[in-house]
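Chemist: I'll drop the sequence and a predicted model, then ask my questions.
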Amino acid sequence: MELRCYILIKAGIASMQELKEYYTLDEALKLYALYLMERDVEKGRADELERRNK
């Protein structure tokens, strides 16, 4: 869990204060899952553009 919180903080998604005071564990995990999905979508788009440009 600490790594997930660190990633959210490093990515600028949430501060440590926000994670401690405003989010439940379930909400923090959902936020992390949304972050991963967004990252995967961006990578997929980049891969698609790269394939088209070849």
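Modeler: Everything's here; your move. Everything numeric in this text was worked out from a predicted model, so none of it was measured.
Chemist: show the average pLDDT along the helix ranked longest in the chain.
Modeler: In the chain, with assignment by DSSP state H, the single longest helix is helix 25-52. Across helix 25-52, pLDDT averages out at 95.
Chemist: which of the residues in it are buried?
Modeler: Judged by neighbour count using 16 or more other CB atoms under 10 Å, the buried positions of helix 25-52 are 28, 31-32, 35. To be clear about C-beta, it is placed using only N, CA and C from the backbone, and glycine gets the same treatment.
Chemist: residues contacting A14?
Modeler: Residues near A14 by CB atoms under 8 Å, 6 or more residues apart in numbering: 8, 23, 28, 31.
Chemist: how close does the residue nearest in space to the middle of the chain sit to I7?
Modeler: The residue lying closest to the centre of the chain (CA atoms, centre = their mean) is Y35, at 2.2 Å. Relative to I7, Y35 is positioned 7 Å away (CB to CB, to the nearest Å).
Chemist: also Q17?
Modeler: Distance of Q17 to I7, computed by CB to CB: 16 Å.
Chemist: these two: which has the busier surroundings?
Modeler: I7 (14 against 9; other CB atoms under 10 Å).
Chemist: coming back round to it: turn the buried residues of helix 25-52 into a markdown table, including distance to R51.
Modeler: Below are the buried residues of helix 25-52 laid out as a markdown table (distance: CB to CB, whole Å):
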| residue | distance to R51 |
| --- | --- |
| A28 | 35 |
| L31 | 31 |
| Y32 | 29 |
| Y35 | 25 |
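Chemist: which of these sits closest to G12?
Modeler: G12 lies nearest to Y35 out of those, by CB to CB, at 10.2 Å.
Chemist: so what's the closest one up against?
Modeler: Applying CB under 8 Å, 6+ apart, the residues contacting Y35 are 7-8, 11, 13.
Chemist: pull out the buried members of the residues you listed.
Modeler: 8, 13.
Chemist: retrieve the pLDDT associated with M1.
Modeler: Reported pLDDT at M1 in the predicted model: 84.
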